[in-house]
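Engineer: turn this into a structure:
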Amino acid sequence: MGNGDLRVRGIAARAGGWSARHRWAAVGIWVLFVVLAMGLGSATGRVDVKDSDQLKGETHTAAKIIEDAGIEEPASETVLIQAKGSGVRATDARFRAAVSAVVKAVDGTGKVTDVTSPYTTKTISKDGRSALVQFDMRGDAETAGDRVAPVLKAVDGVQKDHETLRIEEIGSASMQKTFDDAFGDDFEKAELSAVPVALGILLIAFGALVAALLPVALAVTAIMATMGLMGVVSHVMPMSDTANSVMLLVGLAVGVDYCLFYLRREREEREAGRDAQTALRIAAATSGRAIIVSGVTVCVAMAGMLFTGLAEFEAMGLASLMVVAVAMVGSVTVLPALLSLLGERVEKGRIPFLRRAMERRTARTGGESPFWAAVLRGVLAKPLVSVLVAAGALLAIAAPAVGMKTQNLTLDQEFGNSLPIVQTYNRVNDAFPGGSEPAEVVVKAKDINAPDVKSALADFKARAISSGASRGPVEIKLHDAQNIAYVYVPLVGGSDLDKAGASLDKLRDEVRPATLGRIDGVQAPITGQVAGSHDFNDQLGGAVIPVFAFVVVFAFLLMLLSFRSLTVAITSIVLNLLSVGAAYGVLVAVFQHGWGASLVGAEGVGAIITWLPLFLFVILFGLSMDYHVFVVSRIREARLRGRTTKDAIQHGVVTTAGVVTSAAVIMVAVFAIFGTLSMQSMKQMGVGLAVAVLIDATIIRGVLLPAVMALLGERNWYLPKWLNRLPDLTHDEASEAVVASAPEENAPLRV
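Structural biologist: Numbers count the residues shown, from 1 in each chain. So this is what the prediction gives:
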């Protein structure tokens, strides 16, 4: 086969070839792209998701009414005054003196408005031991946490003067400040520590500083470019801080992985005696292609989040999709250019003892992993037993997921008793069930002061209590100019979201239709934390099937077109689903049932946070394709070179074991960092991702995949005749084909 009949074809091979020949141009274009993206993002600014767009349903309707009316809801605060013993009551003189002192102290800060006494609002507990002073923070609610410190100090001063009573403040502003102080640095440290952790693992994997820096540098520049692009795109689809954090996590993981695949293959070919140019061509045609197939699959998986209809999920999905696409493009363009520029200098900064150990190991094993070679011998000797044992173990691990319970975590579930404000939250809920998080009815009428509307509001207030949905007090706050009324209804059930949800259903399905629902032209959507959780669950539940179907079907089609094998496509989907199921099982066992929770510094909170299962499915289904595509591509390559299927499996798995292990260790380490955060939701995400990647890179890719392929034999490459009309996206990955088809100097690669 001469140069006129090149078998090396495809975007990856052509991109790598062009970049290697025009290396300064490729590097310059990449740098220009990153700088322009960041500049455009900085110039346009980022538009974040608005409260009115967060959810659909009644929560969305209520937020829209408030937004259209131009009402700026203030950050509300509450001071709990509570007797420490059983002898003091709210009617006692010293209790009244404490209440008066609190009212005077907070009002005197000049930072608050609408201070109300419990003797006026009747916010005194049934046992008479607790009372609530309520007020609003002046200014923008979103920044109220920055201004609440003087108020907290004033309340602490009253507490010191009344030691026989418990005087504590809680509210959206004080919680915002507490969380920012306690966990703001926590998140920042986690994100910053991810890079040095990845770099340290890469140093061990490569034994050379320059080789280790390349993947990190490419991942970081891909993240920087994506941050700029997020600002531009946010004017069409708003973004969020959560989307930014997820983008950083995914970008670092895939960016480092893709470069790692490429670099290890290029180094492997050079160690096999290829010259630098040939080694680079082989890496472009093989690992480069695997990166594109994997990257497109991950992008498709991330796109599944766009079908949820939830603004936060859509932002996370689009941000993740963009960073994967940018990292993928960078890996097959600027990376080969940098490798071509550096040449042997990629080995600069060698760590002597690591490098010598690696060279001895390579000389002894030929670049193959002794551990996985031993495992593979056992797996391939008894593939059926291996499938039954491995699949049985994973199904057993996944079994607890059958009883998964999802809900938005309450404050005490999210943070345990690690913060004093959580104890205040629990005390308020015990004394005033639902009082710290009441349902909020937003009533809009043509004339809010019309007699029939006022009568309906009074009737709603009375029926909310008589129906058993609330124990009161129900507060009505009028905005006459906008013809809007807020009705605050403490729900029976308090922080127990199941019981509070039942109370909410009574309000929506019984109380509202019988009162406000009878007045023509009146809108009365019910919002609040419990309502938001309820609406979020409903919307997310409706999105599960479309998202699952989209991701699975498109991943199946991509595998089918990329490998021209119905069998490979089916086994890819089944194995990925199995690893996701196992991750779900671990999450439920640890965080719902509390089994071994202390081992990860967590505690059983009785539920998995609502958004996590779907989020994990999309992220894991995409990321697990990294390893699957890389391993199966290597097996297919060996098969094309004339090896038997069994030999190809052996060769493909053991030669990729090192890079897959290194990539998995990086991902597990990065995800595990998030498992160390104090918030239970972040622990759940970190542990779920880390466990799933670990299972995927070991049991799935090291045992189940080779065992299943060994059982199937030549049927691995089965494609029905009627599917031959499908587009052929397969490329000849054989190293020999690349070498045989090496172009002459400056000759272009052709399809």
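Engineer: my reading is that residue 153 is in a helix; is that accurate?
Structural biologist: Yes. Secondary structure of residue 153, determined by DSSP: H, G, I helix; E, B strand; the rest coil: located in a helix.
Engineer: OK, contacts around it?
Structural biologist: Residues near residue 153 by Cβ atoms under 8 Å, 6 or more residues apart in numbering: none. From N, CA and C alone the C-beta is placed, and that goes for glycine too.
Engineer: on the three-state scheme, residue 686 is what?
Structural biologist: Per three-state DSSP, residue 686 ends up helix.
Engineer: so it is in contact with residue 670, correct?
Structural biologist: No. The criterion here is Cβ atoms under 8 Å, and residue 686 misses it with residue 670 at 9.0 Å.
Engineer: which of these two has more neighbours?
Structural biologist: residue 670 (27 against 23; other Cβ atoms under 10 Å).
Engineer: in a helix, the more buried one, correct?
Structural biologist: Yes. Assessed by three-state DSSP, residue 670 belongs to a helix.
Engineer: what residues are up against the nearest residue to it once chain neighbours are set aside?
Structural biologist: Once flanking residues are discounted, residue 670 sits nearest to residue 194: 4.7 Å by Cβ to Cβ, 6 or more residues apart in numbering. When contacts are counted by Cβ under 8 Å, 6+ apart, residue 194 touches 248-249, 252, 670, 673.
Engineer: pLDDT below threshold where in the protein?
Structural biologist: 1-10, 51-55, 182-189, 191, 353-369, 417-418, 434-436, 495, 728-751 (pLDDT under 70).
Engineer: quick check, central residue of it?
Structural biologist: For the chain, the residue nearest the mean C-alpha position is residue 246 (5.0 Å; Cα atoms, centre = their mean).
Engineer: quick one on the thing from earlier: of the contacts of residue 194, closest to residue 555?
Structural biologist: Nearest to residue 555, judged by Cβ to Cβ, of these is residue 249 at 20.7 Å.
Engineer: C-terminal to the helix or strand containing residue 181, what's the next element?
Structural biologist: Assigned by DSSP states H and E, residue 181 belongs to helix 172-206. Sequence-wise, the next helix or strand downstream of helix 172-206 (DSSP H and E) is helix 209-233.
Engineer: just the buried positions in that following helix, please.
Structural biologist: 209-231, 233 (16 or more other Cβ atoms under 10 Å).
Engineer: how about stretch 631-643?
Structural biologist: Neighbour-count burial for stretch 631-643 flags 631-640, 643 (criterion: 16+ other Cβ under 10 Å).
Engineer: just the ones in helices from these, please.
Structural biologist: Judged by DSSP state H, the buried residues of stretch 631-643 include 631-640 as members of helices.
Engineer: and the residue of the chain positioned farthest from its centre, how far is that from residue 119?
Structural biologist: Distance to the chain centre peaks in the chain at residue 93, reaching 52.8 Å (criterion: Cα atoms, centre = their mean). Distance, residue 93 to residue 119, by Cβ to Cβ, to the nearest Å: 13 Å.
Engineer: common neighbours of those two, please.
Structural biologist: Common neighbours of residue 93 and residue 119 (Cβ under 8 Å, 6+ apart) do not exist.
Engineer: what's the closest non-adjacent residue to residue 347?
Structural biologist: residue 208 (4.8 Å).
Engineer: show me what stretch 677-685 is in contact with.
Structural biologist: Contacts for stretch 677-685 (Cβ under 8 Å, 6+ apart): 182-183, 186-187, 190, 409, 413-416, 418, 587, 591, 600-603, 605, 608-609, 612, 615-616, 671, 674-676, 686.
Engineer: mark which of those residues are buried, thanks.
Structural biologist: 183, 186-187, 190, 409, 413-415, 587, 591, 600, 602-603, 605, 608-609, 612, 615-616, 671, 674-676, 686.
Engineer: show me where the stretch 1-150 of the chain has helices.
Structural biologist: Ranges of helices within the stretch 1-150 of the chain are 11-21, 23-44, 51-54, 57-69, 93-107, 118-121, 149-161, based on DSSP state H, counting those that start in this stretch.
Engineer: packing partners for the fourth one?
Structural biologist: So that's helix 57-69. The helices and strands touching helix 57-69, judged by 3 or more Cβ pairs under 8 Å, 6 or more residues apart in numbering; DSSP states H and E, are helix 51-54, strand 439-444, strand 484-489, strand 526-527, helix 529-563.
Engineer: again, only using 7 Å
Structural biologist: Helix 57-69 sits against helix 51-54, strand 439-444, strand 526-527, helix 529-563, with contacts defined as 3 or more Cβ pairs under 7 Å, 6 or more residues apart in numbering; DSSP states H and E.
Engineer: so that helix versus strand 439-444, what angle?
Structural biologist: Between the axes of helix 57-69 and strand 439-444, defined by axes from the mean of the first three to the mean of the last three Cα atoms, to 10 degrees, the angle is 50 degrees.
Engineer: and the contacts of helix 57-69?
Structural biologist: 51-52, 73, 442, 444, 482, 484, 523, 525-527, 531-532, 535, 538-539 (Cβ atoms under 7 Å, 6 or more residues apart in numbering).
Engineer: and the two most separated of those?
Structural biologist: 482 and 538 (28.5 Å).
Engineer: if I look at residue 155, how far off is residue 164?
Structural biologist: 16 Å.
Engineer: who has more neighbours, those two?
Structural biologist: residue 155 (23 against 12).
Engineer: mind putting the ones in helices among the buried residues of stretch 631-643 into a markdown table with distance to residue 304?
Structural biologist: Converted to a markdown table, those look like this (distance: Cβ to Cβ, whole Å):
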| residue | distance to residue 304 |
| --- | --- |
| 631 | 23 |
| 632 | 22 |
| 633 | 24 |
| 634 | 27 |
| 635 | 27 |
| 636 | 27 |
| 637 | 30 |
| 638 | 33 |
| 639 | 31 |
| 640 | 32 |
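Engineer: appreciated, that's everything.
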